[in-house]
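Visitor: this one's structure only:
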């Protein structure tokens, strides 16, 4: 008997949004936000922080602020900024693009300025 091959796609693939940076960033931001109505609390943010450093998981993450499309002084936008009491996490989602110029430095400066004014 011949094996039947199936093509299992996830919702991002079958909805044809796989290359849409804005939509993918919106999905990430939704699941990173522990206060969103997804029922997973902070598990996604915990996983991200744990993958960066085992020490970061000790930070308080139940009351973070998740910002989408944070504008910088030079008209750039960072995709997702997560601001906690003890940390700032900047997530830059690049699909078929490259980071150019001083983008990362500008993203960091904008996030730090918001963190200081908090």
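Guide: Now that the structure is in, tell me what you want to look at. Note that this is a predicted model, so its numbers are computed, not measured. Numbering: from 1, shown residues only.

Visitor: Please identify the buried residues of whichever strand or helix holds residue 68?
Guide: Residue 68 is located in strand 65-71, with elements delineated by DSSP states H and E. Across strand 65-71, burial judged by 16 or more other Cβ atoms under 10 Å covers 66-68, 70. All C-beta spots, glycine's among them, are computed from the backbone N, C-alpha and C.

Visitor: Does that strand pack against any helices or strands, and if so which?
Guide: helix 21-32, strand 77-83, helix 103-117 (3 or more Cβ pairs under 8 Å, 6 or more residues apart in numbering; DSSP states H and E).

Visitor: Same question for the last one: list its buried residues.
Guide: Of the residues in helix 103-117, 103, 106-108, 110-111 count as buried by neighbour count, 16+ other Cβ under 10 Å.

Visitor: quick one: contacts of that helix?
Guide: Contact with helix 103-117 is made by 67, 70-74, 76, 78, 81, 83, 88, 90, 92, as judged by Cβ atoms under 8 Å, 6 or more residues apart in numbering.

Visitor: again, only this time at 7 Å
Guide: 70, 72-74, 76, 78, 81, 83, 88, 90, 92 (Cβ atoms under 7 Å, 6 or more residues apart in numbering).

Visitor: about what we covered before: report the angle between the axes of the strand holding residue 68 and strand 77-83?
Guide: Angle, strand 65-71 to strand 77-83, by axes from the mean of the first three to the mean of the last three Cα atoms, to 10 degrees: 160 degrees.

Visitor: quick one: strands adjacent to strand 65-71?
Guide: strand 77-83 (antiparallel) (DSSP bridges).

Visitor: chain center to the partner strand: distance?
Guide: How far strand 77-83 lies from its chain's middle: 7 Å, per Cα atoms, centre = their mean, to the nearest Å.

Visitor: do the same with stretch 44-55
Guide: From the chain centre to the centre of stretch 44-55 is a distance of 12 Å (Cα atoms, centre = their mean).

Visitor: Okay, buried residues for that stretch please.
Guide: Going by neighbour count (16+ other Cβ under 10 Å), the buried part of stretch 44-55 is 44-46, 48-49.

Visitor: What's the mean pLDDT across that stretch?
Guide: For stretch 44-55, mean pLDDT rounds to 85.
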